[in-house]
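1. With the sequence up front, the predicted model follows.
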Amino acid sequence: MDSDKIYQKRQELEQYFLQSASQDLCLAFSGGVDSSLLLKIAVDALGKRNGKVYAVTFDSRLHPSCDLEIAKRVAGELGGIHEVITVNELEQEEIRSNPVNRCYLCKRHLFQSLKKFAADRKIPMIVEGTNEDDRQEYRPGIQALKELGIVSPLAELHITKKQVKEMAAVCGISVASRPSTPCMATRIPYGQNLDYEILAKLAEGEAYLRTRISGNVRLRLHRDVIRMEVDESKIWEVIKRRQEILEHLERSGFSYVTLDLKGFRSGSMDIYVREESLAKGGSFVVDERTAKESDFRQEDGNRIKEEQ
C-alpha cells in the first residue's frame, strides 16, 4: 500500500471515529496490532474534542501473562486510559467443555462484562479490532459481537491485516510487527475439556520457542502428541535446533513432539469443520440457536462464515 493509500485509510478511520463516537469511547484492547492501530487513531480523533478513549484489557488465563504487560505499556505509549477487567472463562461449564462454538460463548461472556464497564461510565460506543480478513475465516465470536452491538471499524471499512500492519508501521506503533497471540484455547481440539494447567504448559512452551524461533509459533495438543507450527521459512531452523527443543518440551511433560511440515496457518484446528462443511456442499453458520445448542446448520456456499 503506497503512502497516499495509507493516508487515505487513516483519514477514513479518523472520520469514522469523529462521526460515530459522540463522546468518550471504549476499546477492547489486547495490545496487538489491530487494537493498537484503533487506539492510536481514536485518541488522535477524539482528542480534538477532549474525548477520552478507554483501552480495556481482559486479564484472562487463556492468554499469556505477558500480553497484559504489553497492553499496559502500549496503551500508555498511545495515550489511552488503560483499564483491566479480570475474567475466568473456565468457570463457565459451557466454555470449559470446549464445543465447536466455544469462541462465540467466550466472546459473549467477555463482552457482556465490557458492556457493563461501559454502561457504568455512560460510554455508549464499544469498538474492537476484527479486520476484513477475520471475516473470511471461521470466527463464530463475530456473531456474539454483532448481537451485543460491538462495533468493528476495521472490518466495516474493509481494512485487511496487511493494511493494518502497514498503517501501524507508518504511525510508529511499537507493536506494528508483533505476531498475533490468539486465545490459548485454540491449541486444543474441540470437544476436549480445557484445563488451565495444560494451557499454561503450552504457553510456556511457546514462550520458550519464541526465544529460539522468530515469527509465528504454535503448539497444538492432540491427546499426548504436540504438533508444532512455525512459519514455513523457519522449519529448517527448528530442525537445526531439534535436540534442545525436544529436551525442553520433554522436561515440560510432553512425550511426543512433532513438527507440522505445512507450517503455521491460522485456525488449523478448524480444518475438520471446514472439511465436513465442504463434503456436504455447504457452510456452517453460527446463529442464536447454535450458540445455545452447540449445533450447526447448513447454508449454500463453500466458505465458513458467520450469519450476517
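-> Great, that's in hand.
2. contacts and neighbour counts: CA atoms only from here.
-> Noted.
3. how much space between the residue of the chain positioned farthest from its centre and residue 250?
-> Distance from the C-alpha centroid of the chain, by C-alpha atoms, centre = their mean, peaks at residue 243 (31.6 Å). Here the criterion is C-alpha to C-alpha, to the nearest Å. By it, residue 243 lies 11 Å from residue 250.
4. And for residue 183?
-> Counting by C-alpha to C-alpha, the gap from residue 183 to residue 250 is 23 Å.
5. go on, residue 204?
-> Distance, residue 204 to residue 250, by C-alpha to C-alpha: 12 Å.
6. Please apply the same query to residue 95.
-> Taking C-alpha to C-alpha as the measure, residue 95 falls 29 Å from residue 250.
7. Show me which of those two is the more surrounded one.
-> Taking neighbours as other C-alpha atoms under 10 Å, residue 95 and residue 250 compare with residue 95 leading, 21 against 13.
8. Next, count neighbours for the closest residue to that one other than its chain neighbours.
-> Once flanking residues are discounted, residue 95 sits nearest to residue 102: 5.7 Å by C-alpha to C-alpha, 6 or more residues apart in numbering. Look at residue 102: counted by other C-alpha under 10 Å, it has 22 neighbours.
9. Quick check, residue 144 in contact with residue 109.
-> No. Residue 144 is beyond contact range of residue 109, at 9.1 Å (criterion: C-alpha atoms under 8 Å).
10. Show me which of those two is the more surrounded one.
-> Higher neighbour count among residue 144 and residue 109: residue 144, with 26 against 17, using other C-alpha under 10 Å.
11. Please list all residues in contact with the more buried one.
-> By C-alpha atoms under 8 Å, 6 or more residues apart in numbering, the contact list for residue 144 reads 104-105, 107-108.
12. Go through the residues you listed and name the one nearest residue 266.
-> Using C-alpha to C-alpha, residue 104 is the member of the contacts of residue 144 that lies nearest residue 266, at 17.4 Å.
13. For that closest one, give me the pLDDT.
-> For residue 104, the model assigns a pLDDT of 95.
14. backbone phi and psi for it, please?
-> For residue 104, the backbone dihedrals (degrees, to the nearest 10) come out as phi -60, psi -50.
15. can you check residue 123 too?
-> Dihedral pair for residue 123: phi -100, psi 120, per degrees, to the nearest 10.
16. swap in residue 158?
-> According to degrees, to the nearest 10, residue 158 has phi 60, psi 40.
17. isn't it right up against residue 135?
-> No. Residue 158 lies out of contact with residue 135 (C-alpha under 8 Å); the separation is 9.7 Å.
18. what about the two, which has more around it?
-> Counted by other C-alpha under 10 Å, residue 158 and residue 135 do not tie: residue 135 has more neighbours, with 17 against 14.
19. Distance of the more buried one relative to residue 201?
-> Relative to residue 201, residue 135 is positioned 30 Å away (C-alpha to C-alpha).
20. Ok, residue 105 next?
-> 24 Å.
21. Comparing these two, which residue is more hemmed in?
-> residue 105 (23 against 16).
22. That one - nearest residue in space that isn't next to it in sequence?
-> Closest residue to residue 105 apart from its sequence neighbours, by C-alpha to C-alpha, 6+ apart: residue 95 at 6.4 Å.
23. who's in contact with the one you found?
-> Taking C-alpha under 8 Å, 6+ apart, we find residue 95 in contact with 89, 102, 105-106.
24. Mind checking which of those residues land in helices?
-> In helices, defined here by DSSP state H, the members of the contacts of residue 95 are 102, 105-106.
25. Switch these over to CSV; also include distance to residue 45.
-> CSV is the format used below for the ones in helices among the contacts of residue 95 (distance: C-alpha to C-alpha, whole Å):
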residue, distance to residue 45
102, 35
105, 33
106, 31
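26. What does residue 258 show for phi and psi?
-> According to degrees, to the nearest 10, residue 258 has phi -120, psi 160.
27. quick one: contacts for it?
-> Contacts of residue 258 (C-alpha under 8 Å, 6+ apart): 225-228.
28. Filter those residues down to the buried ones, PyMOL style.
-> Buried subset of the contacts of residue 258, written as a PyMOL selection, criterion 16 or more other C-alpha atoms under 10 Å:
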select buried, resi 226+227+228
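29. which among the contacts of residue 258 gets closest to residue 72?
-> residue 228 (29.5 Å).
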